[in-house]
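Colleague: my questions are about this predicted structure, shown below with the sequence.
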Amino acid sequence: MKKMANNYHQKTKFYFTKPVRIFLQIILISTGIAGLIHFGYAVWQWKGLLPVKSGYRVASNIHQDWYIDALPTAILLLASICILIAGLRRKMGGLLILIWALISTFIFFQYDISNHNWQVHTVFPDFNPHSRIRQYHYANWPYYKLPRNNERWGYIDKAGEFVIEPRFKTFDLASWGNYPLKSFSEGLAPAYDGSAWGYIDKTGEYVIQPQFEHAAPFSEGLAIADISYKSGIIDKTGKFILEPKYSRIESFSQGRAYFTVDYNYDYKYGYLDTEGNVVIEPKYESGRPFSQGLASVKLDDKAMLIDLDGNVIVKTDFSGIGKFSQGLASFGKDGKSGYIDTSGQVVIDNKYDYAFGFKNGYAYIRLNDKGGLIDRAGNVVKGSKYEIEGYFINDIFLAAPNNRIILVDQSGNVIKRTNWMELGDLQDGLAYYTDGRKYGFVNESGEIVIKAKYNVAYGFTESLAVVSILQNAIPFWLAYAAVVAIGILLFVAHKIIKKNRYTTKARTDKT
């Protein structure tokens, strides 16, 4: 028997010592179990036995595109069975064990079939290469979500205390976004009760009962709400002043809201007043909200500016014009972006790849895959050492070397170094920050006033902020350790059974 074993190992291209082989086999067994658990959970959702939620979920339109999820899930099942059997075998080539151990460690509990993208998520977050100050929302990544919806949303005050308890649940990604709460505006906030949208006050009670498919925050005393895939306008009693009949209506700005009419997939844009009357006929190819008395529209693929009555103020040959802020608006021409004033005159040439709106005297631009800030004269804000990528307050800017936020002055002198991956805009005197796992808030001096303890957080409005927390979440390392422990037990049981079988056989042969 010994000679045969040696001959076998000589035939393999790769061989590990027994302890290493045992360790790798345990990894294989554990990963196989993890794959089977994932497959069972995915099928559970797929068959409708579990509500489709965020986190680990099969696509919400599974009835239409089931094959997109079924195929990778079937591949995962096959791979799981193979490595489970392979892990229980004694004689396995060492190279095969090593390859599967490495691959399975990365795909463990991380295979994502929820967004039709066929991608494998590793245990490490993948960073957006197009922005160094990133919109992460990676607070979930070290956790494995239980087969139930364990994220709860509520509102906190500036002391970090819950004013409205986190009782609202994350819901299906297909239902107009999966966040069940929106920011307060004019004393009310849209809230989702699990079946429909309504509006709550600052005590958390519904003042407009859930009845809408979608609900936008109030603006100028009115809000846009949807029923049967059509948009209408409601007042603060929840009564429709304009019945839902348009494909889309945007929130009011300067007494006007642009709306969309669908002429057999040929969409046209016009504008409504606060009584729901059409004041600018839907004839434009695109539209934007009014700001500073002007709105950008497109007709015959050319951008123009109109006033509140629909009179054309400026005709251009631009491909598009953005929303005015601080007297300037971005425009596009020949594949590049610049800025114009309210008379339509170009004040900053179109030389940028991307150009965003002005705020606090500065605008964010991108050129040659690099970001930066410019002032209203088009001058680039340059630090002596760092690439400036955002504005904070009082000529304090943001840079992000090594994917960590630092606060610098206009000369590039470091004011504060942090371990934050993102820092939001100051709203109501506070800005949210995240270390990549949890969210908290800082004040105007960059000092932490609410520690990072929320799963997701948004800026303050009307002294309240929307945040979420995880309930009953299993830390990733604990879930991994539990499955590895099961793998060890199976491996030991396999060895004991195998030893007892040989012992029984030897006794029988001796007899």
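Modeller: Nice, I can see it. Residues are numbered from 1 along each chain as shown.

Colleague: surely Glu389 and Ala399 touch.
Modeller: Yes. At 6.0 Å, Glu389 counts as touching Ala399 under the criterion of Cβ atoms under 8 Å. Heads up, the C-betas are built off the backbone N, CA and C, glycines and all.

Colleague: bridged to Val466, which residues?
Modeller: Beta-bridge partners for Val466, by DSSP bridges, are Tyr155.

Colleague: grab the nearest non-local neighbour of Asp157.
Modeller: The shortest distance from Asp157 to any non-neighbouring residue, by Cβ to Cβ, 6 or more residues apart in numbering, is to Val163 (5.0 Å).

Colleague: secondary structure element for the one you found?
Modeller: Applying DSSP states H and E as the criterion places Val163 in strand 162-169.

Colleague: look up the pLDDT of Tyr391 for me, please.
Modeller: Tyr391 is assigned a pLDDT of 87 by the prediction.

Colleague: next up, phi/psi of the closest residue to it other than its chain neighbours, please.
Modeller: Residue nearest to Tyr391 in three dimensions, not counting chain neighbours: Tyr362, with 4.8 Å by Cβ to Cβ, 6+ apart. Tyr362 adopts backbone torsions of phi -130, psi 150, taken as degrees, to the nearest 10.

Colleague: check contacts around Tyr362.
Modeller: Each residue near Tyr362 by Cβ atoms under 8 Å, 6 or more residues apart in numbering is listed here: 373-375, 381, 391.

Colleague: how about Phe168?
Modeller: Phe168 sits next to 152-154, 180-181, 191-193 when contact means Cβ under 8 Å, 6+ apart.

Colleague: go again using 6 Å as the cut-off
Modeller: By Cβ atoms under 6 Å, 6 or more residues apart in numbering, Phe168 lies in contact with 153, 180-181.

Colleague: pLDDT score for it?
Modeller: Phe168 carries a pLDDT value of 93.

Colleague: pLDDT of stretch 357-372, averaged?
Modeller: Averaging pLDDT along stretch 357-372 yields 87.

Colleague: related to what we said a few turns ago, given the strand holding Val163, what are its sheet partners and their directions?
Modeller: Using DSSP bridges, strand 162-169 pairs in its sheet with strand 151-156 (antiparallel).

Colleague: can you find the helix or strand in the chain with the smallest mean pLDDT?
Modeller: The helix or strand of the chain with the poorest confidence is strand 143-144; it has a mean of 36 (mean pLDDT, DSSP states H and E).

Colleague: before we move on, back to that, tell me what the residue nearest to Tyr391 is bridged to.
Modeller: Beta bridges link Tyr362 to Lys359, Asp375, judged by DSSP bridges.

Colleague: what about it, distance to Phe184?
Modeller: In this view, Tyr362 and Phe184 are 27 Å apart by Cβ to Cβ, to the nearest Å.

Colleague: next one: Arg437
Modeller: 27 Å.

Colleague: so which of those two has more stuff around it?
Modeller: The neighbour comparison of Arg437 against Phe184 (other Cβ atoms under 10 Å) goes to Phe184, with 24 against 16.

Colleague: report pLDDT for the more buried one.
Modeller: Value for Phe184, per-residue pLDDT: 97.

Colleague: skipping adjacent residues, who's closest to it in space?
Modeller: Glu462 (4.3 Å).

Colleague: would you say Ile22 is within a strand?
Modeller: No. Looking at Ile22 with DSSP: H, G, I helix; E, B strand; the rest coil, it is helix, so not inside a strand.

Colleague: can I assume Ile26 sits in a helix?
Modeller: Yes. Counting by three-state DSSP, Ile26 falls inside a helix.

Colleague: burial count for it?
Modeller: Ile26, neighbours per other Cβ under 10 Å, totals 20.

Colleague: what's the separation between it and Lys495?
Modeller: Using Cβ to Cβ, Ile26 is found at 11 Å from Lys495.

Colleague: element containing Leu489, please.
Modeller: helix 476-510.

Colleague: quick check: mean pLDDT of that helix?
Modeller: Across helix 476-510, pLDDT averages out at 64.

Colleague: cool, stretch 219-233 as well?
Modeller: Rounded mean pLDDT across stretch 219-233 is 95.

Colleague: what about that stretch, how long is it end to end?
Modeller: Taking Cα to Cα, to the nearest Å, stretch 219-233 runs 11 Å from one end to the other.

Colleague: would you mind pulling the contact partners of that stretch?
Modeller: For stretch 219-233, the surrounding residues in contact (Cβ under 6 Å, 6+ apart) are 212-216, 234, 240-246, 248-249, 251-252, 276.

Colleague: out of these, which sit inside strands?
Modeller: Secondary structure defined by DSSP state E assigns 212, 214-215, 234, 240-246, 248-249 of those to strands.

Colleague: among the residues you listed, which one sits closest to Ser319?
Modeller: Ser319 lies nearest to Arg248 out of the ones in strands among the contacts of stretch 219-233, by Cβ to Cβ, at 21.9 Å.

Colleague: and the closest one, how close does it get to Ser291?
Modeller: Here Arg248 is placed at a distance of 19 Å from Ser291 (Cβ to Cβ).

Colleague: same check on Gly446?
Modeller: Counting by Cβ to Cβ - Gly446 and Ser291 are separated by 30 Å.

Colleague: and Val207, by the same measure?
Modeller: 30 Å.

Colleague: these two: who's more crowded?
Modeller: Ranked by neighbour count (other Cβ under 10 Å), Val207 and Ser291 place Ser291 first, with 17 against 14.

Colleague: go ahead and confirm that one touches Gly327.
Modeller: No. Contact criterion Cβ atoms under 6 Å: Ser291 and Gly327 do not qualify, at 10.3 Å.

Colleague: just the buried subset of the ones in strands among the contacts of stretch 219-233, please.
Modeller: Among the ones in strands among the contacts of stretch 219-233, the ones that count as buried by 16 or more other Cβ atoms under 10 Å are 212, 214-215, 234, 242, 244, 246, 248-249.

Colleague: which one of the residues you listed sits closest to Lys453?
Modeller: For these, the closest approach to Lys453 (Cβ to Cβ) belongs to Ala215, at 28.6 Å.

Colleague: wait, the closest one touches Trp197, no?
Modeller: Yes. Using Cβ under 6 Å, Ala215 is in contact with Trp197, at 3.8 Å.

Colleague: any residues in contact with both of those two?
Modeller: Common neighbours of Ala215 and Trp197, using Cβ under 6 Å, 6+ apart, are Pro190.
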